[in-house]
Each structure stands twice: as C-alpha cells, then as structure tokens.
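Q: predicted model and sequence below, questions to follow.
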Amino acid sequence: MRILIYSYNYYPEPIGIAPLMTELAEGLVRRGHQVRVVTAMPNYPERQIYQSYRGKWYLTEYKNGVQIQRSYVWIRPQPNLLDRVLLDASFVVSSFVPALIGWRPDVILSTSPSLPVCVPAAFLGWLRACPVILNLQDILPEAAVHVGLLKHQLLIQLFTVLEKFAYHTASKISVIADGFVDNLLSKGVEANKIVQIPNWVDVNFIRPLSKENNPFRAAHNLNGKFVVLYSGNIALTQGLESVIKAASVLRHIPDVVFVIVGEAKGLQRLQQECLDCGADNVLLLPFQPRKYLPQMLAAADVGLVVQKKNVVSFNMPSKIQVLLASGRVLIASVPDNGTAARAIRQSGGGVIVPPEDPQALAMAVLDLYKNPEKVKTLGYKSRQYAVEHYAFEQALNQYETLCYSLLADGGAIQSTIVTKQEV
C-alpha cells in the first residue's frame, strides 16, 4: 500500500505523538509499504523550530525508508491566543502543498492533535478518492477546555464544528483507549466507525535492564539511591509541583531521590518550586537522547505518571506503556475514575494515589522504599502486561489490517459503480 501519515509531530521530536508516528511509519515500511509523512518543522516541546530547520519553508528528508515532507509553521515559545490560532492555520495551509504534490496515497492516516489538520486531510482524501483514518490521541476541544487552555467562546465553537467535521469525514476513527469510545458514542458517532488500537511500545527497545553498572545512575551520582523518575512534558495538565512537594516531605531520607527530566523552560519553573519547598532531593535534568532512554528508565526504582484533578477522564498518557515495558513499578497520581488509572490497575504493576495530593504521593513512595519485594513483584507484572497488551507488532498488525479493510471496502464500492455503469 501507499500510506500517507498526516501528523504535526514527528521525528526528531523526543516525546508525545512524534515517537509513536515515527515507529508506525517505519514499521509499515518494514512490512513492504510505501510511506510518506506530511509534518511540521520540528519544534516540540520547546516551541521553537530546531536550529538546523530554521529559515526553511519546505524540506524533504528520508529516514529508514520513510519520505518526510516538512513545512513551515508559525510558532512562538510563549504563545498567546493569536499565536495558537496562527500555529494551526499555518500548518493547515503550508502542509497542504507537499501533501497534494506527492504521490497519490491509498490510505491517509491523520493524527489529532492537531485537530485542524482534519480539514486538509479530508480535502486530500476527497481529491484523491482515498479513505481517511482519524487517529485520536486526545479529544479536542473538550480536553483543552477542561484544563483551561481554551477559554475563548468563539474558538470553542469553531473547534466544536471542526470536531464534528473530523468525525463525519473520517472513514474510520482509531482511538487509544475505551474512554475515547464512550465519549464518541455519546456524541453520536457510529460504533462501526470506531476502532480501538492502544498506543504501543517497542518492547525490544524498552526493556528491563539492571540497575547495576547503569551509566545514567553513575553519571548523576544515583548509585545506592532509591530513584523516583518522571520523564516527559512539563505542562498545565501534569501539575508537577505536587511531585516537588512530595519530595520535600521525604527529604529527611537521604536514600530517596526524585529525578525529573523535561524541557528547559519547565525545569526552570520547577527549580523555583524546589527552592521554595526546600526540596534538595530533586534532580532536574534535560531530555536525554532517545537512544539512552532504556538506560534512563532502568535507573529508576519507580516511574511516575502525574495528572491534575481537572484532566478529562479519557486522557491516556503514552508514557504509561513505556514505563510498564521498562519493568518498573508505577505510581500514578491521577483521577481515580480516569482511563489512565484503569489501565494501570489492569496491568497490576502500579499504585494509584489521588492527584495533587503530595502527602499521598510521598506515602506511596515511602511504602515502596520500605518494601523492595513489592517493588520487584509489581515491576515484573508491569513488564508482563506491556508485552502481552502493548507490544508494537500487535498495534502494527491492527493498523495494517485496518488499512487493508478500507481498501477492500473501497474496491467493492468501485466494482459496484462500474457494474452499474456497464448495465
């Protein structure tokens, strides 16, 4: 097949949707398919176009057999409302040029966020007479409104219309968790249009490694320490200030160290929080190169998943699969009724504590620190569950089958049209 992936985020961006879409594209190429990706100049999470990509309107690259077509976007490090609008609008307009002039795809897979991408993807699908799969990594504008990122009523109405348009024009909608299914059904989306395919992890790349002789531990003086690790986005939806406050509760135990890995701007904010709380047992580090990710995860005794109280129930952080695959016990400071909590309970590899409750988080860490056998048992369950439910090859099989099924349906329709014309 010829498959076009329309995704705002892609390699070399280190977290979020980018690694997922990169693995999917390269996995499809290894299966013998021709894949091109229409994406933006890389800018996440710093919200600045990476140095080597600046000053360019368009750029075509090739990586591991994937054709990557990049286009300019309007991006600002501290975007106001107008900047956010211009960001989406610039990608919608600029990306359509390479999307249109490239080879005709058999199937288009469009990821959301960014929701406005549904417009050029749908138009391209109509022009090229090919099916469009809408891959929902989040549900907008609902998620953005819930955490206060989107407040302007006119924009909320506009995004609501876009959401309906996206669901209506998509041939199929792939969702990453059962909470998404419930949400779409409540909005009148037909059940036969929805396909649930969980996000995945490469269990051969992310795997349990020994803490002994671990380069990450050695480099940061963590040998002999009980390491609690958070790695990922530092944004409004996480509320990592609770982690800093939990660390301050345990600062009297010299063996317990909290490590937070993220983008520079977020780390600066947390550094001030550490000073205010007296949390001198917190180590703040920039993102590590992806090739060192397995070592970094293996350096931890505990992996953290953190959300605020007001995060919508269907939110499912992709870091859950990664932490499970690393064979580490999870502590999830997340809403009890949410998709994230449900997934971690099902894995049997983690502990759930109330969100934005530093004392509860600290007590959960303390309990694991005092019970090394519990840490070992839960970590084993984590790895086992990841291999059984989140292995990349399983997801790749499902996406490949979904694409083939759409081509078969399209072929049947085309055959019917021809037969009628002949008659």
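A: Received it, and whenever you're ready, just let me know what you need. Numbering: from 1, shown residues only.
Q: can you list the domain ranges for the chain.
A: Under the assignment automatic domain parsing, the domains of the chain span 2-200+391-422, 215-389.
Q: how long is the last one end to end?
A: Looking back up the chat, that one is domain 215-389. Taking Cα to Cα, to the nearest Å as the measure, domain 215-389 stretches 30 Å from start to finish.
Q: cool, and stretch 235-245?
A: End-to-end span of stretch 235-245 (Cα to Cα): 17 Å.
Q: can you tell me what sits against that stretch?
A: Contact partners of stretch 235-245, identified using Cβ atoms under 8 Å, 6 or more residues apart in numbering, comprise 147-149, 230, 232, 234, 258, 260, 266, 270, 273-274, 277, 279, 282, 304, 306-308, 311, 315, 333, 355-358, 361. The way it works is simple: take the backbone N, C-alpha and C, and place the C-beta from them, glycine included.
Q: I'd like to know which of these are buried.
A: 147, 230, 232, 234, 258, 260, 266, 270, 273-274, 277, 279, 282, 304, 306-308, 311, 315, 333, 355-358, 361 (16 or more other Cβ atoms under 10 Å).
Q: return the subset of these lying in strands.
A: Residues of the buried ones among the contacts of stretch 235-245 located in strands (DSSP state E): 230, 258, 260, 282, 304, 306, 333.
Q: still on that earlier bit, among the contacts of stretch 235-245, which are in helices?
A: Judged by DSSP state H, these include 266, 270, 273, 274, 277, 358, 361 as members of helices.
Q: reformat these as CSV; add pLDDT and distance to residue 156.
A: Below are the ones in helices among the contacts of stretch 235-245 laid out as CSV (pLDDT from 0 to 100; distance: Cβ to Cβ, whole Å):
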residue, pLDDT, distance to residue 156
266, 87, 26
270, 92, 30
273, 91, 31
274, 94, 36
277, 92, 36
358, 96, 32
361, 97, 33
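Q: let me have those residues in CSV, extended by distance to residue 24.
A: Shown next, in CSV, are the ones in helices among the contacts of stretch 235-245 (distance: Cβ to Cβ, whole Å):
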residue, distance to residue 24
266, 27
270, 32
273, 36
274, 37
277, 40
358, 37
361, 33
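Q: for residue 161, state which of those is nearest.
A: Nearest to residue 161 among the ones in helices among the contacts of stretch 235-245, counting by Cβ to Cβ, is residue 266 at 32.4 Å.
Q: so where's the stretch 301-423 of the chain shaky on pLDDT?
A: Scanning the stretch 301-423 of the chain for pLDDT under 70 picks out 312, 410-423.
Q: show me where it has helices.
A: For the stretch 301-423 of the chain, the helices defined by DSSP state H, counting those that start in this stretch occupy 319-325, 339-347, 358-370, 372-389, 392-422.
Q: nearest to residue 134, of the ones you listed?
A: helix 392-422 (11.6 Å).
Q: residue 119: what secondary structure?
A: Assigned with DSSP: H, G, I helix; E, B strand; the rest coil, residue 119 falls in the helix class.
Q: which residues touch it?
A: Residue 119 makes contact with 92, 162, 165, according to Cβ under 8 Å, 6+ apart.
Q: same thing but 7 Å
A: Counting by Cβ atoms under 7 Å, 6 or more residues apart in numbering, residue 119 makes contact with residue 92.
Q: could you do residue 334 as well?
A: 305, 307, 340, 341, 352, 355.
Q: can you rerun that using 10 Å?
A: When contacts are counted by Cβ atoms under 10 Å, 6 or more residues apart in numbering, residue 334 touches 305-309, 311, 313, 315, 317, 320, 340-344, 350, 352-355.
Q: next: residue 314.
A: By Cβ under 10 Å, 6+ apart, residue 314 lies in contact with 136, 138-139, 142-143, 175-184, 338-340.
Q: try 8 Å this time
A: 139, 143, 177, 179, 180, 182, 183, 338, 339.
Q: run a quick neighbour tally on the second one.
A: Right, the one you point to is residue 143. 18 (other Cβ atoms under 10 Å).
Q: which SSE is it in?
A: Here residue 143 sits within helix 142-146, counting by DSSP states H and E.
Q: repeat for the first one
A: Secondary-structure assignment from DSSP H and E places residue 139 in no helical or strand segment.
Q: please apply the same query to the fourth one.
A: Residue 179 is part of helix 178-186 when elements are defined by DSSP H and E.
Q: continuing past that helix, what's the next helix or strand?
A: Toward the C-terminal end, the helix or strand that comes next after helix 178-186 (DSSP H and E) is strand 194-196.
Q: contact partners of the helix or strand following that next one?
A: As assigned by DSSP H and E, the chain's next helix or strand after strand 194-196 is helix 215-219. Around helix 215-219, the neighbours that count as contacts under Cβ under 8 Å, 6+ apart are 211, 222, 223, 225, 227, 288, 292, 295, 296, 298, 299.
Q: measure how buried residue 136 is and give me the count.
A: If you count neighbours by other Cβ under 10 Å, residue 136 ends up with 25.
Q: try residue 215
A: When neighbours are counted by other Cβ under 10 Å, residue 215 registers 12.
Q: can you check the one 10 residues further on too?
A: The local packing of residue 225 (other Cβ under 10 Å) involves 19 other residues.
Q: and it, what pLDDT?
A: Looking at residue 225, its pLDDT is 96.
Q: same check on the one 3 residues further on?
A: Predicted confidence (pLDDT) for residue 228: 98.
Q: if I pick it, what's in contact with it?
A: Applying Cβ under 8 Å, 6+ apart, the residues near residue 228 are 247, 256, 257, 258, 259, 300, 301, 302, 304, 331, 365.
Q: relative orientation of the helix or strand harbouring it and helix 372-389 in degrees?
A: According to DSSP H and E, residue 228 maps onto strand 226-231. If you take axes from the mean of the first three to the mean of the last three Cα atoms, to 10 degrees, strand 226-231 sits at 30 degrees to helix 372-389.
Q: so which of the contacts of helix 215-219 are in strands?
A: Among the contacts of helix 215-219, the members found in strands (DSSP E) are residue 227.
Q: just the buried residues out of the contacts of residue 314, in PyMOL syntax.
A: Buried residues among the contacts of residue 314 (16+ other Cβ under 10 Å), as a PyMOL selection:
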select buried, resi 139+143+177+179+180+183+338+339
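Q: what's the lowest-pLDDT member of the contacts of residue 314?
A: Lowest pLDDT among the contacts of residue 314: residue 143, 70.
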